[in-house]
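*Asks:* kindly generate the corresponding structure for this input.
(chains A and B)
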Amino acid sequence: MRKTPNYIDEHVLSPIICLFTLTSLIGLIYFLNEWSIITSESEKLRFYNFTSDSEKQAYTLNVRNSSMILLLLILFQAFSMVIKKRWLLTAQILLAICSSWYIFF
Amino acid sequence: MKGNKLIWKIHSWVGLYAGVAIAFLSVTGAAALFRIELDQLFNASLRKVEITGEKIPLTPIVEKVLAAHPDKYLFEVELPKEQNGSWNLRLFPIEKRKLFPVIWEVFVNPYNGEILGERNYYRTFNYYLRNIHVRFYEGFFGRQIVGLAGLALLISTITGFLIYGKFMKKQFFGNIRKKNLRVSQADYHKLIGITTLSFNLMIAITGAWLGLQTYLQKWLAIERPNTFVRTEKPIEKVIDRDFVFNYDSVYQAARQNFPELIPLYLRPSENGSRTVMVIGDVPRQAYERNSNKIVFDKENYSMLYKYNISDDDFGGKLFYVQESFHFGDFGGIWLKLFYCFLALTSGFLALSGFIIYLKRAEKKRKEKPSFVELKPLLIRWSGIIIGFCIFTGMLSLIWGIGIPTLIVMITFYGFLLFLVIKTSYKVIKGNLQKPINV
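*Replies:* Numbers count the residues shown, from 1 in each chain, chains lettered A, B, ... in the order given. Okay, here's the model as predicted:
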C-alpha cells in the first residue's frame, strides 16, 4: 500500500486495535450470555425481578443494542487493520468512548 | 535508542525472573476459573437434589445439625441459586487447631431435610484450586508473592508493548518466520503478546491489586466499601455465637427489604454485635460475587445496614470489578472458557520468552560446565511445576491446609536460605582468592 500522509504504521495500529478488539469481544460474550438468559426463559431469569413486561423489554433492547454495537466495533476494528488509516483509528477511539458511554451509563 | 534498549532489558529480566511464577499462575488460574463448576461436577450427590414440592423451613435444620455437632458452631448457611441445589451449613470448631483448621460443611436436602454428606472444606479440590493459585500454599506472604508476580506481568506487558514496533521492523503483523526455533518462538511471542494485550493488562492490574490488597488498602486508607461494624456490642461473644433466631424470618426480611438481592449466604455474628448478615448477588451486575448485603438485628430482625454495589460511587464499583474481571466471573461459562484460553496464552508467553532467552544465550551457556540442553531443561521445569501441583494437591486432600502449607513454607524459605548461603560463600571465596596489592 502506498504510504499517504494519512497512513498509519501497522506497528502502532495493531497493538491498539488488538486492545480494542479483545475488550470488545469480552464485552460481547457478556452481553450474549445475558441475551441467552433472557430469551431462553432459563431458571436464572427468576432472579432478574422484572416488575413489568416493559421493564424486561427495555433491558432486552439494551442488551441487544449493546451486543450489536460491540459486534460492529469488532468488524470496524478488523476493517481498520486492513485499511490502516489514521482517521480510522481516531474514529475507532471516538466510537469506543461513545459505545462505552452507552453501554455503561 | 538507549531508551528502547533499557526497556528491552527490563522486559527480559522481569520475564526471566518472574516467568516461572507467571507460567505457574496462568496454568493454575485457568483451572481455578472452574473450581465451582468442578466441585458441582465431582460432588453432584452433595450439591444436587431432586425437586419434590415445597422447601422445608431452614431453622429446624440448623438446630438439628448443630445438635449433631456440639463441638462446632454455625459460621454461615450457603443457599443454592438453583432450585435443585442443596443447603450447605458451614460450621467452625469451637476449639480451633492452627495446624488442622476446619470449615465443616454439612449438605442438606432442602425438600426433606436429609443430610446428604459432610466434609472439611479445606480438604476439597475446590479449596486446593483456589489456594494454589491465590497463594502458592504459602501461609505468610503467599498472596503478596502472587501480587508481585502480577506486578511483574504488568511491567512485562507494558514494556513488551513499548518495544513491539521496534522489534517488528518491516515484518507484518501475524507473520511467523520458520527460520529456526528462536525466530519462530519470537514471532509467536510478539503475535500472542499483542493480541492478548488488554487481557494481560487487566489480569496483571487486578492480580496485583488482589494480591497486595491488604497492604494497598492500608497504605491508601481504602476501606472495603461494604464494611459494616455495629459499634455497640449488646451481648457477650459466647451468647452471640449461640444466639437462637429464626433463619427463615431473616431470609424473608431480606427478600422484603432488598428485593433485588439473591440471598446466597446467611452469616450470624459471633463478636457480640447480635447481627445476621445476608449476602448475595444482584442480577444484571458484573461485580464481585457475594458482595451485596443486608444486615439485621438477630433479636427483632430490624434492618441495620444495606449495601447495593449499584448504589455506590465509582470508587466502590471499581473496587468490586477487580475480582470478577480477574476470574471472568460475570459472563457465564462461555466467558470462563474464553478466559481459560487467554490465561493459557499468558503461560505460553512466559514459556516462549524463556525459550528465546535460552536460545539467544546458548553459545555462552555452552561454555559453562552446568550447561543443559533446551529440551531437558524445559522438561525439568515443567516436571517441577507439575510435581509441585500434584504433591501439594495430594497433601491438601489428605490433611487439609496446615501440613502442605508448612511443607511449602519450609521448602520455599529453606531454598531461599540455601541461595543466600551459596551466594555469600561464593562472594567470600572470590574475595579470599583475590591477590592482595600492597
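
*Asks:* only C-alpha atoms, please: export stretch B:118-137 in PDB.
*Replies:* Output of stretch B:118-137 as PDB, limited to C-alpha atoms (Å, rounded to 0.1, in the frame of the first residue of the first chain):
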ATOM      1  CA  GLU B 118     -20.300 -33.900  55.300                       C
ATOM      2  CA  ARG B 119     -16.800 -32.800  54.600                       C
ATOM      3  CA  ASN B 120     -13.900 -30.500  55.600                       C
ATOM      4  CA  TYR B 121     -13.800 -27.600  53.100                       C
ATOM      5  CA  TYR B 122     -10.000 -27.300  53.400                       C
ATOM      6  CA  ARG B 123      -9.700 -30.800  52.100                       C
ATOM      7  CA  THR B 124     -11.700 -30.300  48.900                       C
ATOM      8  CA  PHE B 125     -10.300 -30.000  45.400                       C
ATOM      9  CA  ASN B 126     -12.200 -26.700  45.200                       C
ATOM     10  CA  TYR B 127     -10.200 -25.200  48.000                       C
ATOM     11  CA  TYR B 128      -7.000 -26.600  46.700                       C
ATOM     12  CA  LEU B 129      -7.500 -24.900  43.300                       C
ATOM     13  CA  ARG B 130      -8.200 -21.600  44.900                       C
ATOM     14  CA  ASN B 131      -5.300 -21.800  47.300                       C
ATOM     15  CA  ILE B 132      -2.600 -22.900  44.900                       C
ATOM     16  CA  HIS B 133      -3.500 -20.000  42.600                       C
ATOM     17  CA  VAL B 134      -4.100 -17.400  45.200                       C
ATOM     18  CA  ARG B 135      -1.100 -18.100  47.500                       C
ATOM     19  CA  PHE B 136       1.000 -21.000  46.200                       C
ATOM     20  CA  TYR B 137       0.100 -22.700  49.500                       C
END
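
*Asks:* what about residue A:86, neighbour count?
*Replies:* Using other CB atoms under 10 Å in any protein chain shown, residue A:86 has 15 other residues around it. In short, each C-beta sits where N, CA and C put it, glycine included.

*Asks:* apologies, that question was intended for residue B:390.
*Replies:* That count, for residue B:390 with other CB under 10 Å as the rule, works out to 10.

*Asks:* for residue B:40, same thing?
*Replies:* Neighbours around residue B:40, by other CB under 10 Å: 16.

*Asks:* so what's it closest to, chain neighbours aside?
*Replies:* In space, and not counting its chain neighbours, residue B:40 is closest to residue B:47: 4.8 Å by CB to CB, 6 or more residues apart in numbering or on different chains.

*Asks:* ranges for the helices of chain A?
*Replies:* Ranges of helices within chain A are A:10-39, A:53-83, A:86-104, based on DSSP state H.

*Asks:* of all those helices, which one is nearest residue B:80?
*Replies:* Ranking the helices of chain A by distance to residue B:80, with CB to CB as the measure, places helix A:10-39 first at 17.4 Å.

*Asks:* so which residue is dead centre in chain A?
*Replies:* residue A:70 (1.7 Å; CA atoms, centre = their mean).

*Asks:* and it, what does it touch?
*Replies:* Going by CB atoms under 8 Å, 6 or more residues apart in numbering or on different chains, residue A:70 touches A:24-25, A:27-28, A:31, A:99, A:103.

*Asks:* among the residues you listed, which ones lie close to chain B?
*Replies:* Restricting the contacts of residue A:70 to those touching chain B (CB under 8 Å from any CB of the partner chain) yields residue A:25.

*Asks:* need the contacts of residue A:70 in TSV (columns: neighbour count).
*Replies:* Shown next, in TSV, are the contacts of residue A:70 (neighbours: other CB atoms under 10 Å in any protein chain shown):
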residue	neighbour count
A:24	22
A:25	20
A:27	22
A:28	20
A:31	21
A:99	18
A:103	17
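
*Asks:* between the contacts of residue A:70, which is nearest residue B:332?
*Replies:* Using CB to CB, residue A:31 is the member of the contacts of residue A:70 that sits closest to residue B:332, with 10.7 Å.

*Asks:* from chain A, how far out is the closest residue to residue B:278 other than its chain neighbours?
*Replies:* Nearest residue to residue B:278, sequence neighbours excluded (CB to CB, 6+ apart): residue B:254, at 4.0 Å. Distance from residue B:254 to chain A, counting by CB to the nearest CB, to the nearest Å: 13 Å.

*Asks:* isn't residue B:254 up against residue B:294?
*Replies:* Yes: counting by CB atoms under 8 Å, residue B:254 touches residue B:294, with 5.3 Å between them.

*Asks:* what touches both of the two?
*Replies:* What both residue B:254 and residue B:294 touch, as defined by CB under 8 Å, 6+ apart, is the set B:261, B:278.

*Asks:* okay, buried residues for the helix or strand residue B:408 falls within please.
*Replies:* Using DSSP states H and E, residue B:408 sits in helix B:402-433. Under the neighbour-count criterion of 16 or more other CB atoms under 10 Å in any protein chain shown, helix B:402-433 has B:402, B:404-405, B:408-409, B:412 buried.
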